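A.B. asks: A predicted structure for the sequence below; I have some questions about it.
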Amino acid sequence: MLLTAAKFVLLNVLLSTALPHPGFIPKIPNAPKLPDTPATGGLTPEIPSLNNPTVPEDGRWPPETQDPKTPETPAPATQIPDNPKDTTPNQQPELIPCTIDGRKRTACTPNDNKWNALNVQAGQTENRFLIAGRAAIARLDNVKTNMPTPKNVPTDGVMNSRYTIHQRPESDAGRPDILRVVKDINPEKDNLWTDFSIRNTDANVDLFIANKRAQIDQTLSPAEIDNQKAFLDALAVELKNPNEGSMLRTSISTELRSTVMDFSFNQKYDLYRKYVPNHNDRTADERLRRDGFDDGKPKDQQESVIYTDQVMYSLDKAYAGQDPKSKPIENIVRRNIATVETNEVIEAVLEKSGQRLDGPNDVVSFDRGTPEFEAIMGTIHGKRILQMLFDYVEKLGPRRIKKVYIMRDEESVRNPGSEMDVDSPEADADSPQHYESDVDTSMTENEDSDFSSSPESGSSDPESSQGSASSPDDPKDHDMLFELEDIP
């Protein structure tokens, strides 16, 4: 083939572009890198930067990618969620249940739903427990300048004519878990406690049984009449037994300056009170239905004996002639609280403050001056303690509640639905001898009353169930410890 000059020139051009430049140095590839061996030397290819999203990991640009000199705008970094358990970006954290271990607690997220659901009466902007609690606290705070009048709380003569008190020294009943956890009062101090139980006198039991016998239908057959008499005789034995017929039991240690109110069934067992069984209450006892005794005086002159008077009657026996102000009570415990309304308030203040009671040693507390404290003082259990401190200021000295501790009752933790202390106020008029001005009319008659023990007492709203005992399916019974201090 003839090589023309034109073809020669073209061939030189093609060869000059295909062959390497005379100064070209071939690039030798790196040796294979062992795992976890750091790269070395200047011959290592550039490692894509994790902070530069425009650099592909395999060193090649996919066809759809623009020129690497003009990369697309990097996407924003993924936001770390607030809740570490939540992997969805920008999602609000869920409410996390409290983690509680004894007295060490991790607070929950506060929730006002139950607090806002507490009863607010017409014309008020705050729930009635908060209002009642503040009023009762203020009355006690001013007791030094506004002494209770009249001062005629029941005399010893009245108490001795109506009630028999039994004492059991060196008892172990006075150490509920809340005292052990909060105050470190342990079993080795059992010999410092005395149990007191109050029941009706034998003479009053006999009079009650005689009245019941007179009501037996005489048109019944002789056998049926005999059966009813035998039934009443058995009831008399029960009412005279301090373990079965007691209306109040307390455990008191003047050395430890503590009083434990174990249970109260005053409304059922105090024969001076009218008792109409409420059959929505599983503790109702039709055998004890009665109008209640009077003391031979007009209604407005009858001696009124209420729950706090009976507690003070036990305290007088415990001090045995000593001045209570020499060893002032520092702790008052209400055990086995099964009243629905009180437990509803407790649940509300727990959620409002972001706390829970899950285990047998869990304790929460509320200080004087907080709305949670004031609402608890507005329950029947709080008001009774305030009333006793007010009524008996001359005996006990000017004392007030500094702090309240709350714990799930150990019996209800082990046996949900247990109950001992079932309290509710009633719609009866206030006794002239006592000073409870916040008469609650929204709850049914139940086990106990803060008001008059006259034959007219015990009226109630049968449609309401707010004061009934907690059901077996509602394991929310509580213990409360009221810590006292001097009024400055």
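C.D. replies: Done, it's in.
A.B. asks: Tell me the secondary structure of E351, please.
C.D. replies: For E351, the secondary-structure state derived from DSSP: H, G, I helix; E, B strand; the rest coil is helix.
A.B. asks: so what's G245 up against?
C.D. replies: G245 makes contacts with 199-200, 205, 238-239, 269, as judged by CB atoms under 8 Å, 6 or more residues apart in numbering. Placement of C-beta: from N, CA and C, glycine included.
A.B. asks: How about N200?
C.D. replies: 162-164, 208, 239, 245, 247, 269-271.
A.B. asks: Filter the contacts of G245 down to the buried ones and express that as a PyMOL selection.
C.D. replies: A single PyMOL command is used to select the members of these judged buried by 16 or more other CB atoms under 10 Å:
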select buried, resi 199+200+205+239+269
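A.B. asks: TSV for the contacts of G245, including secondary structure and pLDDT?
C.D. replies: Conversion of the contacts of G245 to TSV gives the following (DSSP: H, G, I helix; E, B strand; the rest coil; pLDDT from 0 to 100):
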residue	secondary structure	pLDDT
R199	strand	97
N200	strand	97
V205	helix	97
E238	helix	95
L239	helix	96
Y269	helix	95
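A.B. asks: For V404, state which of the contacts of N200 is nearest.
C.D. replies: Proximity of those to V404 (CB to CB) peaks at M247, which lies at 25.2 Å.
A.B. asks: one step back: and the contacts of N200 as JSON lines, adding secondary structure?
C.D. replies: Formatted as JSON lines, the contacts of N200 follow (three-state DSSP):
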{"residue": "R162", "secondary structure": "helix"}
{"residue": "Y163", "secondary structure": "strand"}
{"residue": "T164", "secondary structure": "strand"}
{"residue": "F208", "secondary structure": "helix"}
{"residue": "L239", "secondary structure": "helix"}
{"residue": "G245", "secondary structure": "coil"}
{"residue": "M247", "secondary structure": "coil"}
{"residue": "Y269", "secondary structure": "helix"}
{"residue": "D270", "secondary structure": "coil"}
{"residue": "L271", "secondary structure": "coil"}
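A.B. asks: now those: which count as buried?
C.D. replies: Judged by 16+ other CB under 10 Å, buried ones among the contacts of N200: 162-164, 208, 239, 245, 247, 269-271.
A.B. asks: Closest one of these to V182?
C.D. replies: M247 (27.9 Å).
A.B. asks: so the closest one touches L271, yeah?
C.D. replies: No: the pair M247 / L271 is not scored as a contact, 9.3 Å apart, by CB atoms under 8 Å.
A.B. asks: hang on, the earlier thing: farthest pair in the contacts of G245?
C.D. replies: N200 and E238 (11.3 Å).
A.B. asks: circling back: which single one of the contacts of N200 is nearest to D367?
C.D. replies: M247 (33.4 Å).
A.B. asks: Run through the residues that contact that closest one.
C.D. replies: Contact partners of M247, counting by CB under 8 Å, 6+ apart, are 198-200, 264-266, 268-270, 310.
A.B. asks: who touches the nearest residue to I209 once chain neighbours are set aside in this structure?
C.D. replies: Take I209 and drop its neighbours on the chain: the residue closest to it by CB to CB, 6 or more residues apart in numbering is A236, 4.7 Å away. Listed by CB under 8 Å, 6+ apart, the contact set of A236 reads 205-206, 209.
A.B. asks: swap the cut-off to 10 Å and go again
C.D. replies: Residues counted as contacts of A236 (CB atoms under 10 Å, 6 or more residues apart in numbering) are 202, 205-206, 208-210, 212, 245.
A.B. asks: sorry, back to before: any residues in contact with both of M247 and L271?
C.D. replies: Common neighbours of M247 and L271 (CB under 10 Å, 6+ apart) are 163, 199-200, 239.
A.B. asks: what is S365 paired to in the beta sheet?
C.D. replies: Y405 (DSSP bridges).
A.B. asks: That one contacts L350, doesn't it?
C.D. replies: No: if you go by CB atoms under 10 Å, S365 and L350 don't touch, sitting 11.3 Å apart.
A.B. asks: Report the set of residues contacting both of those two.
C.D. replies: Common neighbours of S365 and L350 (CB under 10 Å, 6+ apart) are 372, 406.
A.B. asks: Who has more neighbours out of these two?
C.D. replies: L350 (23 against 18; other CB atoms under 10 Å).
A.B. asks: residues contacting that one?
C.D. replies: 98, 108, 110-111, 114-115, 356-357, 364, 366, 372, 406, 478.
A.B. asks: mind checking pLDDT for it?
C.D. replies: You'll see L350 listed with a pLDDT of 93.
A.B. asks: Just to be sure, V153 is in a strand?
C.D. replies: No: counting by three-state DSSP, V153 falls outside a strand, being coil.
A.B. asks: For burial, what's the neighbour tally of it?
C.D. replies: 23.
A.B. asks: my guess is F293 meets L207, correct?
C.D. replies: Yes: here F293 reaches L207: they are 7.4 Å apart, a contact under CB under 10 Å.
A.B. asks: More neighbours: those two, which one.
C.D. replies: Using other CB under 10 Å, the more surrounded residue of F293 and L207 is F293, with 21 against 14.
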